[in-house]
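Undergrad: A predicted structure for the sequence below; I have some questions about it.
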Amino acid sequence: MKYLFFIMPFFVVFSCKKDKIDEPEIVVPPVKEVEIKVEPYFGTTKLFLDSTYTMSDNYKIQFTDIKFYCANIKSGDKSLSDIAFFDFRETGNSFLKVMGASSDFTALNAILGVDSTRNHSDPAAFSNSSPLNIMNAGGMHWGWNPGYIFMKIEAKVDTIPDATTNCTHFVTFHIGNDENKGTINLPAIPWKISSEYLSMATLKIDLNQFFLAPEVIDIKTEFISHTASGQEALSLKVIQNFANSFSFIP
């Protein structure tokens, strides 16, 4: 009787283990993504912050900051992203990366700046992941003038065209306010297939072209705008020229 008492539990355990059915492993299929990077240029040369470039009037220029927002980024009626932020010094060429198939986004239409509703919203109320959150804005929200800085370009210039380089003339463009929103409309996005699930494209900003068209910006006399009263004409010229400087790298 004692012998039977000890082997019966073993038999029960063995039987339960044998009858157990393994659950099938759940496989989550990969999601397609699209990514747009931004590459600043000066003419045909890639631009690097703090490096020296020669302008058309032989001025020497060194860019120290390039930042901008884009809002309501679409391809026709298909939304690509509500908001994206470019900060060349802090995040390099990064701009946006979202879920989606490149075949759904054939063109690029966007507000250069922040749309009016978000522009006047509480910057602390946006999610922690939003580039509009006050902790992520990187000095792109005004305290004295409720709203965001749509684009920021800062540079140092040598306006004496001689053999020496002495960049002591400061250029500061901080453009905001609803009336100064720009538009970017590019008819075709030249997507490149990076992998089975990722397509990429690169936006070029030509900072040489920026000073030349559609209107010339004479940085010797037109070198500062904080979008304050009296700076309306220059602010509008700056945002329009900046929007005109965008194109896709084929």
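TA: Nice, I can see it.

Undergrad: Where does pLDDT dip in the chain?
TA: Low-confidence segments of the chain, defined by pLDDT under 70: 1-22, 27-29, 144.

Undergrad: those helices in it, which residues are they?
TA: Here the chain has its helices, by DSSP state H, at 2-19, 88-91, 116-119, 232-244.

Undergrad: which secondary structure elements does the third one contact?
TA: For helix 116-119, the elements it packs on are strand 147-158, judged by 3 or more CB pairs under 8 Å, 6 or more residues apart in numbering; DSSP states H and E. All C-beta spots, glycine's among them, are computed from the backbone N, C-alpha and C.

Undergrad: Partner strands of the strand it packs on, with direction?
TA: Sheet pairing here is set by DSSP bridges, and for strand 147-158 it gives strand 60-75 (antiparallel), strand 141-142 (antiparallel), strand 169-176 (antiparallel).

Undergrad: Mean neighbour count and distance to Ala163 for those strands - can I get that in JSON lines?
TA: Shown next, in JSON lines, are the strands paired with strand 147-158 (neighbours: other CB atoms under 10 Å; distance: least, CB to CB, whole Å):
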{"stretch": "strand 60-75", "mean neighbour count": "21", "distance to Ala163": "11"}
{"stretch": "strand 141-142", "mean neighbour count": "18", "distance to Ala163": "41"}
{"stretch": "strand 169-176", "mean neighbour count": "21", "distance to Ala163": "17"}
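
Undergrad: Distance to Phe210 added to those strands, as JSON lines?
TA: Formatted as JSON lines, those follow (distance: least, CB to CB, whole Å):
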{"stretch": "strand 60-75", "distance to Phe210": "10"}
{"stretch": "strand 141-142", "distance to Phe210": "23"}
{"stretch": "strand 169-176", "distance to Phe210": "10"}
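
Undergrad: mind checking which of those is nearest Ser245?
TA: strand 60-75 (10.6 Å; CB to CB).

Undergrad: if I look at the nearest residue to Glu196 once chain neighbours are set aside, how far off is Asn208?
TA: Nearest residue to Glu196, sequence neighbours excluded (CB to CB, 6 or more residues apart in numbering): Pro30, at 7.7 Å. Remark: distance between Pro30 and Asn208 (CB to CB, to the nearest Å) = 40 Å.

Undergrad: out of these two, which sits in the busier spot?
TA: Asn208 (18 against 9; other CB atoms under 10 Å).

Undergrad: mind listing what the more buried one touches?
TA: Asn208 sits next to Tyr41, Phe42, Gly43, Tyr53, Met55, Ser56 when contact means CB atoms under 8 Å, 6 or more residues apart in numbering.

Undergrad: Relative to Pro214, which of the residues you listed is nearest.
TA: Ser56 (15.3 Å).

Undergrad: for the nearest residue to the closest one once chain neighbours are set aside, phi and psi?
TA: Spatially, and ignoring its direct neighbours in sequence, Ser56 is nearest to Leu212 (6.7 Å; CB to CB, 6+ apart). Dihedral pair for Leu212: phi -110, psi -30, per degrees, to the nearest 10.

Undergrad: Would you confirm that Leu212 contacts Gly43?
TA: No: with contact defined as CB atoms under 8 Å, Leu212 does not reach Gly43; the gap is 10.3 Å.

Undergrad: on that earlier part again, for the residue nearest to Ser56, grab the count of nearby residues.
TA: 15.

Undergrad: Over to Lys237?
TA: 18.

Undergrad: what's near enough to touch it?
TA: Contacts for Lys237 (CB under 8 Å, 6+ apart) come out as Glu215, Ile217, Glu222.
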